[in-house]
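K.L.:
The sequence and its predicted three-dimensional model are supplied below.
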Amino acid sequence: MARRYDTRTTIFSPEGRLYQVEYAMEAIGHAGTCLGILASDGIVLAAERRNTNKLLDEVFFSEKIYQLNADMVCSVAGITSDANVLTNELRLISQRYLLQYGESIPCEQLVSWLCDVKQAYTQYGGKRPFGVSLLYAGWDHQYGFQLYQSDPSGNYGGWKATCIGNNSAAAVSMLKQEYKEGETKIDDALALAIRVMSKTMDATKLTPDKLELATLTRHDNKTYIKVLPVAQVKTLIADHEKKEAAEAAKSKPPVAYNPPAYSSPAYTPTGVESSAYTEPPVYKPPAPSPPAYPSTSEAPPLESKYPYKHIPEKNNGVSKGVSFNSEFPKFDDFVHHLENIKFDQFKI
């Protein structure tokens, strides 16, 4: 059976949780993204604009960024009607302080007094927490440029760079990697804000009508708060897209070079049509001739080949021994002599 611990703000659950406060903080996670970056010479606030009606006058309308006094500006994420109530309270607190003390209220003191009001709405019966979270950017003589964040529970803290709203975890992760303390100027902070917003916004492409940018700087002992017009935001987005295209071209792996296969063009003699020209026959070298028989002068002695020493010959019925070595000093003479002898004269 449900115990309905989340029906009232002042009732704790058995785990010690205030569900209404957690629900209010959950509503911030579905709101438009807002981020703040503290630079060495100023502060940048960037916010996602959900209402992009072209009929709205940007001079008189600001959905996410509000000026509080001469030295402070804030950005809101959550229920816009709750944000209007809180920004009016902030302006009243700063005006009372200026009227009473004759100087601008310190940044942290203004944030602390507003968070007391927000915390009171988490413990009084019959009330609900404010469903809005704020980023405060300001300057004072004590601490210079400062950036604060507060949530519906009344908690607040100082930051160098932070983000609230939709996809805030991814934005904070990018800020941790790319933010450089003490080295970030106001122009670098603007470029970083554009880069982070382009990665975390739900829109497929970042457009000037969906983004609000404000800067807080100091010149000649005076604070200047400027909400950037659409034309300037468009220029910043164009510069960001050029840098992204250049980085993508550098990170692209080089294409492997494959030289085309070489093929010699068909040769056609000048003045001859290609259809009438026929290729000449391919030259084939002649087969090598067998080695010539060695001369008789190089032949070995016959007696080394033949075991017999005498060849019988009949001359008028009388056998006559023929000595090869004595009568036929050359092998050719011996062969010629054998050709003239009839085989029937031999007696073996």
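P.N.:
Cool, the structure landed.
K.L.:
Which pLDDT value goes with Ala261?
P.N.:
We have a pLDDT of 59 for Ala261.
K.L.:
looking at this, Tyr136 is in a strand?
P.N.:
Yes - assessed with DSSP: H, G, I helix; E, B strand; the rest coil, Tyr136 lies in a strand.
K.L.:
so it bridges to which residues?
P.N.:
Applying DSSP bridges to Tyr136 gives these bridge partners: Cys74, Tyr148.
K.L.:
next one: Cys34
P.N.:
Going by DSSP bridges, Cys34 forms beta bridges with Ala47, Ile164.
K.L.:
Give me the below-cutoff pLDDT ranges for this structure.
P.N.:
Counting by pLDDT under 70, the ranges of the chain that qualify are 1-6, 52, 57-61, 254-280, 282-283, 290-348.
K.L.:
Which of the helices or strands spans Leu38?
P.N.:
Per DSSP states H and E: Leu38 is located in strand 34-39.
K.L.:
and that strand, how far from the chain's centre?
P.N.:
Distance of strand 34-39 from its chain centroid, counting by C-alpha atoms, centre = their mean, to the nearest Å, is 25 Å.
K.L.:
So what touches it?
P.N.:
Residues from elsewhere that reach strand 34-39 (C-beta atoms under 8 Å, 6 or more residues apart in numbering): 43-48, 64, 75-77, 135, 137, 145-147, 149, 159-165, 171, 175, 179, 184-186, 188-189, 192-193, 196-197. C-betas here are computed from N, CA, C, even on glycine.
K.L.:
Can you flag the buried ones in those?
P.N.:
Buried members of the contacts of strand 34-39, counted by 16 or more other C-beta atoms under 10 Å: 43-48, 64, 75-77, 135, 137, 145-147, 149, 159, 161-165, 171, 175, 179, 184, 186, 188-189, 192-193, 196-197.
K.L.:
Where does Val196 sit, in terms of helix or strand?
P.N.:
helix 186-200.
K.L.:
So which elements touch that helix?
P.N.:
Packed against helix 186-200, as judged by 3 or more C-beta pairs under 8 Å, 6 or more residues apart in numbering; DSSP states H and E, are the following elements: strand 34-39, strand 42-48, helix 168-178, strand 211-219, helix 230-251.
K.L.:
Hey, what's the angle from that helix to strand 211-219? Just curious.
P.N.:
160 degrees (axes from the mean of the first three to the mean of the last three C-alpha atoms, to 10 degrees).
K.L.:
Make 15 the starting number, not 1.
P.N.:
That works, and once the first residue is 15, the last one we named lands at helix 200-214.
K.L.:
ok, residues contacting helix 200-214?
P.N.:
So helix 200-214 is contacted by 47, 49, 51-53, 55-58, 60, 62, 177, 180-182, 184-185, 188-189, 192-193, 198, 220, 225, 227, 229, 231, 250-251, 253-254 (C-beta under 8 Å, 6+ apart).
K.L.:
Hey, what's the angle from it to strand 48-53? Just curious.
P.N.:
If you take the same axes, to 10 degrees, helix 200-214 sits at 150 degrees to strand 48-53.
K.L.:
quick one: buried residues of stretch 31-44?
P.N.:
Neighbour-count burial for stretch 31-44 [16+ other C-beta under 10 Å]: Leu32, Tyr33, Gln34, Val35, Ala38, Met39, Ala41, Ile42.
K.L.:
Surely the first one is in contact with Tyr135?
P.N.:
No - at 11.5 Å, Leu32 does not count as touching Tyr135 under the criterion of C-beta atoms under 8 Å.
K.L.:
between the two, what contacts are shared?
P.N.:
With C-beta under 8 Å, 6+ apart as the test, Leu32 and Tyr135 both reach Thr23.
K.L.:
do you know how far Leu67 is from Leu32?
P.N.:
You called it Leu, but residue 67 is Asn. 37 Å (C-beta to C-beta, to the nearest Å).
K.L.:
Then Leu250?
P.N.:
41 Å.
K.L.:
Likewise for Gly179?
P.N.:
From Gly179 to Leu32 the distance is 22 Å (C-beta to C-beta).
K.L.:
Buried ones in stretch 186-195, by neighbour count?
P.N.:
Using 16+ other C-beta under 10 Å as the test for burial, stretch 186-195 gives Val186, Met188, Leu189, Tyr193.
K.L.:
All set, thanks.
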